[in-house]
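Asks: take this sequence and fold it.
(chains A and B)
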Amino acid sequence: MVNYNSLTVLLTVPLVASMLAWFIPKGIQRLYAVFSSLCILALTLYQAAPVLFASTSAAVIEHKLAWLPEIGVSLNFRLDSVSGWFVALNAIVAILAFSLKGVWYRKNPRLFTSLGFFLVSALNTAFLSADLIVFYLAYEAVFIPMIFMVGIWGEQAKATAVFRFFLMSFLGSVLMLVSIFYLVNLYHEQSGIYSSNLFDLIQATAGKNSPNLKWCFIGFFLAFAIKVPLFPFHGWLKDVYTLAPMPATIWMSAILSKLGVFGFIRFVSPIFVESSQGYQGILLTLAAISVVYAAFLAIRSNDSKSLLAYSSVSHLGFVMMGVFTFNPGGNASAILLSVGHTLVSAMLFYILHLIQERQTDLGLETSHGFAKLYPTLFTVFFIAVLASMSLPGTLNFAGEFLVLIHSYAASALCTIISGVGVILGAVYMLKFYQQLGFGKNTTVTINSNTGAKDLAGYDLVVLSVLVLMLIYFGFQPEIFLKGN
Amino acid sequence: MSELEPAYPWIAFSMGILITMLVSVVRIDTKRPAQIFALLTLVVTLFLSMSVNVETPQSLFNGVFEISALTTTALSLLCGLGIFFIIGTSRYLTKEEIHLSDYYHLLLILILGASVLICSKDLLVTFIALEVMSLPAYTLAGFRRNDSRSNEAAIKYFILGGVVGAVFLLGASFIFGATGTTHLSEIYTWSQKAQGDLTLFYMGHILILISFLFKVAAVPFHFWKPDVYEGSPTSVTGIMATVMSTASFVVLARILHIADFKSPELAPYFETLKQLIRVAAVLSLIIGSAIVITQTNLKRMLAYSSISHTGYVLLGLLGSMNQPDLIYSVWIYLFGYSLMTCGLFVLVSQSEPKLDAGVELIDLTGLMKKQPFNVVMWSLFLFSMAGMPFTIGFFTKYFVFISSVNTGEVFYVVIAALCAVVSAYAYLRPIALMVMRDADPSAAEWKGSVASHSVVAVSAAIVFALGVMPNALIHLLKGIPLQH
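Replies: Numbers count the residues shown, from 1 in each chain, chains lettered A, B, ... in the order given. Reported below is the predicted structural model:
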């Protein structure tokens, strides 16, 4: 099924929303942002639903526009069972990120909304583009709003964190750019025309295994491994996650990290078939180490936000295990787990923000006993914690289970090691929940205006929808697998 | 139809200079008339140069003066830059109390010299044009008479420039000794069956090469640049960084294509020559981008940044040595770099003067609160310098990289890419200061006239527009070969 429907609206509508934000009164920016991102979600689902809920994974929507004919770069958008989920997730995460109240709606709210929608547009471009140069452009463009968000609304001492984040990501992506040039040139040598289209480049490298291609593989690998991040490229992560304003943290952990996952599935495994098979052992080992190492870091964390940051890395390690199986089944389960991880990690950060609004001290050295104060909030929180621990019945369980099944065939040892991560995940998540929720509430200080309220109203609706999605998809993983 | 018709822009330019000079002598009490006549001269020349028919390249004055797409396009660019600087820095000159009518005719002579330098097809004419360009530059560099750094800049520039002029003459005389001519196209014809004292030719070639590597400040001939940039009035520094380096790079391209190096006699020397350019490019990249991150003075920072940009252009020239039709990557680089540098220097000139101190990075602290519009402009230009997407800076690097990859210089592209990451830190730092810090009371004030704001906005608009739709520019510059 090939349908030449216009996919460009998924880029242009957020971009227009980003510009319109400057004409909306400051007081209703949050309303505007949430409403617009709901519209974007509706639009995305309208475009993506035929592909996402098709019975086979062959359903594709393509849209092609000429852009730079001189150098063979075209706006070649492709919505299939890989990119479709990420585009949908992007719209969902945008709603969550825009829903949070905070300093970003008090200080320069227009800039925040504008940057946010620019980010959504750039991410959609990155996920949809089947042209490597356009993908690279969008991939780089994602940095710009991120830098400004952390820079303007982040907490103190953020400059170093921003620099480290930017420079490490830039290092990876620049090397990827050089690799793209090499591939483009390779195709040019074979066919005499310039093209950076994914399928042309796949054709150019098919059946080849030169040392230069290995270097190109490393260029791509570095870019995406830093983005995910995979051990040992996680150095930038903790400071940025903890110092960033909460919407930026949600964006980074829930969707920016998926850019790396997406990049591996979309570009690395089809273009570098030989190299990815050749390095599979190393890659799986790195993923397994990520799972366990980040879990230990999470156990050692004394700060709620950094605990969640490391738990995110640990779970992304599972996703990468699925990606590095380099077979359709493993990739499909990695996408499944990505969806679960996106929803759960966005939810956890969202809940953390809600607690932060009510209470200032969230250190994990002492127990706080907030559960008595906010019973509904902590019930939802508990569901999220269980989902994060991949309790059967949630999407994350289906994902981790399937990933481990597929990776067992590739490397039993790595699978066993990362299996330990599931147990460690229970350790830190339960500790996290226990320290915040139970114990003597000695540290409770009620914030004057919001401190006493339990979860209700809008936030309750949002979180309930997420919980329902997690459980519904948990029982219907077939939607993602499509027979793989 | 006079045979001089194609040269009308240059003739009109020269007459305009004479009128401006006369006006400045007659109305010595005010500088306004000189300014207006200078602008008029540039505007008229701009229109004339755009209307010259250059479908077939022509040579005038016994073939020493080339009129082709290259030279008229370059003249248009130089005039455009001149207009931008005259409009944009008028208030700066008043602030610095150096707003004298002499400034304008010196500036015009400098631009005329630069444009004749580009047209020149004879080593002696090149020398004369070089001096016509440089002598006003020495004078203009010392325009801030009361500042010892400006005096230092002028003297340093003058002495070193004089030595380099002598080196060029020596090289030209060696070439004359070897080939019996100073005419570039005759040298090319000679080289096709090179005979006689080849060593003499090589020595002469290396000497004239060195003199222009000095002019473009390639490492190891870069040491004059930071001091001269820092000491000169900002408007003059801007002219040096754009007009003078563009002209010098075009001559450098001519020097590198002076002979038919494919001929068997010259082939071994050609390999050495390429090696030399590689070394100069890599050194400029590494030293430029390593030192740029340590600078605290804005103009010194821009000086080192331009040294690293010299490295990129040299890479482009290297590509064109391997494959002459790739020279357009150099043209695109020069065009884009001139535009963003012009914008940046006009921005720098908006700072209020302080006693005995230049414009420091610290002075940008907290600009977000005071001038949010200017922060957007700064960020756009700095991102463009760093090669981020949606700015012309991305495409300038893009074409240099891809032409180098095309010609098999992948290793040097990787080095250039890594240097781009390093220098990205330097470009991000001012943005971080502007956005992340609160205003510092000791920071300088920034005030621009409406004129200078509009110049900045126009060049920012071009930088952005070409970053999104570079088609027209690529098409235009791709069709400009280097004539022999």
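Asks: C-alpha from now on. contacts and neighbour counts both.
Replies: Fine.
Asks: how about the residue of chain A most remote from its centre, phi and psi?
Replies: Note on chain A: the largest C-alpha distance from the chain mean falls to A:Gly192, namely 37.6 Å (C-alpha atoms, centre = their mean). With angles defined as degrees, to the nearest 10, A:Gly192 sits at phi 80, psi 0.
Asks: mind listing what A:Leu377 touches?
Replies: The neighbours of A:Leu377, taking C-alpha atoms under 8 Å, 6 or more residues apart in numbering or on different chains as the test, are A:Ile351, A:Ala371, A:Asp454, A:Leu455.
Asks: any idea of the mean pLDDT for the helix or strand encompassing it?
Replies: Per DSSP states H and E, A:Leu377 falls inside helix A:375-388. Averaged over helix A:375-388, pLDDT sits at 87.
Asks: buried residues of the helix or strand following it, list them for me.
Replies: Downstream of helix A:375-388, the next assigned helix or strand under DSSP H and E is helix A:395-410. Across helix A:395-410, burial judged by 16 or more other C-alpha atoms under 10 Å in any protein chain shown covers A:395-408, A:410.
Asks: just stretch B:415-423 next, same as before
Replies: Going by neighbour count (16+ other C-alpha under 10 Å), the buried part of stretch B:415-423 is B:Ala416, B:Ala417, B:Leu418, B:Cys419, B:Ala420, B:Val421, B:Val422, B:Ser423.
Asks: also stretch B:326-337?
Replies: Those would be B:Leu326, B:Ile327, B:Tyr328, B:Ser329, B:Val330, B:Trp331, B:Ile332, B:Tyr333, B:Leu334, B:Phe335, B:Gly336, B:Tyr337, for stretch B:326-337 by 16+ other C-alpha under 10 Å.
Asks: ok, the first one - contacts?
Replies: B:Leu326 makes contacts with B:Gly316, B:Gly319, B:Ser320, B:Ser403, as judged by C-alpha under 8 Å, 6+ apart.
Asks: list the ones among the residues you listed that fall in helices.
Replies: Using DSSP state H, the subset of those located in helices is B:Gly316, B:Gly319, B:Ser320, B:Ser403.
Asks: just put those in TSV and tack on neighbour count, pLDDT and distance to chain A.
Replies: Output for the ones in helices among the contacts of B:Leu326, formatted as TSV (neighbours: other C-alpha atoms under 10 Å in any protein chain shown; pLDDT from 0 to 100; distance: C-alpha to the nearest C-alpha, whole Å):
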residue	neighbour count	pLDDT	distance to chain A
B:Gly316	29	92	15
B:Gly319	27	90	14
B:Ser320	24	90	16
B:Ser403	30	89	9
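Asks: pick out the most distant pair among those residues.
Replies: B:Ser320 and B:Ser403 (7.9 Å; C-alpha to C-alpha).
Asks: contacts for stretch B:419-430?
Replies: A:163, A:167, A:170-171, A:174, B:285-286, B:289-290, B:292-294, B:305, B:361, B:364, B:382-383, B:385-387.
Asks: what residue ranges in chain B score low on pLDDT?
Replies: For chain B, applying pLDDT under 70 flags the ranges B:1, B:28, B:354-357.
Asks: which residues in it form strands?
Replies: B:58-60, B:65-67 (DSSP state E).
Asks: out of those strands, nearest to chain A?
Replies: strand B:65-67 (26.3 Å; C-alpha to the nearest C-alpha).
Asks: excluding covalently adjacent residues, which one is nearest to B:Thr139?
Replies: B:Ala154 (6.6 Å; C-alpha to C-alpha, 6 or more residues apart in numbering or on different chains).
Asks: quick one: neighbours of that neighbour, just the number.
Replies: 24 (other C-alpha atoms under 10 Å in any protein chain shown).
Asks: is it correct that it is in contact with B:Arg144?
Replies: No. The criterion here is C-alpha atoms under 8 Å, and B:Ala154 misses it with B:Arg144 at 9.8 Å.
Asks: any residues in contact with both of those two?
Replies: B:Ser232.
Asks: now A:Lys158: how far from chain B?
Replies: 8 Å (C-alpha to the nearest C-alpha, to the nearest Å).
Asks: what about the closest residue to that residue other than its chain neighbours, how many residues nearby?
Replies: Nearest residue to A:Lys158 in three dimensions, chain neighbours excluded: A:Leu243, at 6.1 Å (C-alpha to C-alpha, 6+ apart). Neighbour count for A:Leu243, taken as other C-alpha under 10 Å: 23.
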